[in-house]
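Chemist: this is a predicted model, with the sequence first.
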Amino acid sequence: IAGITQAPTSQILAAGRRMTLRCTQDMRHNAMYWYRQDLGLGLRLIHYSNTAGTTGKGEVPDGYSVSRANTDDFPLTLASAVPSQTSVYFCASSDSHFSGANVLTFGAGSRLTVL
Amino acid sequence: KQEVTQIPAALSVPEGENLVLNCSFTDSAIYNLQWFRQDPGKGLTSLLLIQSSQREQTSGRLNASLDKSSGRSTLYIAASQPGDSATYLCAPQRGKAAGNKLTFGGGTRVLVKP
């Protein structure tokens, strides 16, 4: 079934540890996104990528990094996790970032708890 | 900075009643607006996309209207069913100059009682 796969589904992490959330899509979409969802704050864009080899900062990029070595994969890395990064993280993709009509497809999410 | 507000935050209705979900946004310079559905513990599913040049979009029992000049969109769900229980989010999308980014509202949590 075509779509987005995120891993892990859930993770508990000690503060200060490094963590990479994985995201893979099989739809050959050129644009990919990482959002975090927090109660009372909604969904906020962390980083995005218009196409393989390029990335950009979203609304809340601090403490996170991404890479886009190929079309399918868009990992999100927390270099040194802090409790405020406890959240549910969603990866999304769309088939054209510049068309103005990009319907987003979302993954099921990764729930991260930083203690 | 685009700000998106959804009212009400929560809604509970008996089965069969029509649902009206409101979304307002501060920056009317949008390319399109999307409505999403989110089930508990799940990701978001796109329901409807309205282009900025359109006034409404329909899919089955769902109808979304857009008044770009006043910064408002409304999602109507006709003859609600218990399976419509979910959180509904709206997300206006800015144009190319703003990186085509979507800004999400906080959502309206809907409960349809059998």
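Modeler: Looks like it came in fine. These numbers come from a predicted model, not from an experiment. Numbers count the residues shown, from 1 in each chain, chains lettered A, B, ... in the order given.

Chemist: alongside chain A, which residues does chain B contribute?
Modeler: By Cβ under 8 Å from any Cβ of the partner chain, the residues of chain B that approach chain A are B:4, B:31-32, B:34, B:36, B:41-46, B:49, B:51, B:89, B:91, B:93, B:95-96, B:99-102, B:104-107. C-beta: built from backbone N, CA, C; applies to glycine.

Chemist: and the strands in chain B, which stretches?
Modeler: Per DSSP state E, chain B carries strands over the ranges B:4-7, B:10-14, B:19-25, B:30-38, B:44-51, B:56-59, B:62-67, B:72-77, B:86-94, B:108-113.

Chemist: how about chain A?
Modeler: For chain A, strands defined by DSSP E occupy the ranges A:4-7, A:10-13, A:19-25, A:31-38, A:42-49, A:56-57, A:64-66, A:76-78, A:87-94, A:105-106, A:110-114.

Chemist: output the ones you listed in a markdown table; the columns should cover mean neighbour count and distance to B:K68.
Modeler: Below are the strands of chain A laid out as a markdown table (neighbours: other Cβ atoms under 10 Å in any protein chain shown; distance: least, Cβ to Cβ, whole Å):
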| stretch | mean neighbour count | distance to B:K68 |
| --- | --- | --- |
| strand A:4-7 | 18 | 30 |
| strand A:10-13 | 13 | 40 |
| strand A:19-25 | 19 | 31 |
| strand A:31-38 | 24 | 23 |
| strand A:42-49 | 22 | 21 |
| strand A:56-57 | 14 | 26 |
| strand A:64-66 | 19 | 32 |
| strand A:76-78 | 18 | 33 |
| strand A:87-94 | 24 | 21 |
| strand A:105-106 | 22 | 25 |
| strand A:110-114 | 18 | 35 |
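
Chemist: and these: which comes nearest B:R61?
Modeler: B:R61 sits nearest to strand A:105-106 of all the strands of chain A, at 22.1 Å, using Cβ to Cβ.

Chemist: give me the sheet partners of the closest one and which way each runs.
Modeler: strand A:87-94 (antiparallel) (DSSP bridges).

Chemist: re the thing from before, selecting buried members of the residues of chain B next to chain A in PyMOL, what would you type?
Modeler: Here is the PyMOL command that picks out the buried ones among the residues of chain B next to chain A, judged by 16 or more other Cβ atoms under 10 Å in any protein chain shown:
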select buried, chain B and resi 4+31+32+34+36+43+44+46+49+51+89+91+93+99+100+101+102+104+105+106+107
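
Chemist: okay, now the unreliable bits of chain B?
Modeler: Along chain B, the model assigns pLDDT under 70 to residues B:96-100.

Chemist: tell me the contacts of A:L45?
Modeler: Contacts for A:L45 were tallied using Cβ atoms under 8 Å, 6 or more residues apart in numbering or on different chains; they are A:33-35, A:58-60, B:101-102.

Chemist: now the two most distant members of the residues you listed.
Modeler: For the contacts of A:L45, the maximum inter-member distance is 14.2 Å, found between A:V60 and B:L102 (Cβ to Cβ).

Chemist: so how far is chain B from A:R68?
Modeler: According to Cβ to the nearest Cβ, to the nearest Å, A:R68 stands 15 Å off from chain B.

Chemist: for that residue, phi and psi?
Modeler: Reported as degrees, to the nearest 10, the phi and psi values for A:R68 are phi -140, psi 80.

Chemist: which residues does the residue nearest to it when sequence neighbours are not counted form a beta bridge with?
Modeler: Using Cβ to Cβ, 6 or more residues apart in numbering or on different chains and skipping residues adjacent in sequence, the residue nearest A:R68 is A:S49, 4.2 Å away. Assessed by DSSP bridges, A:S49 has beta-bridge partners A:M32.
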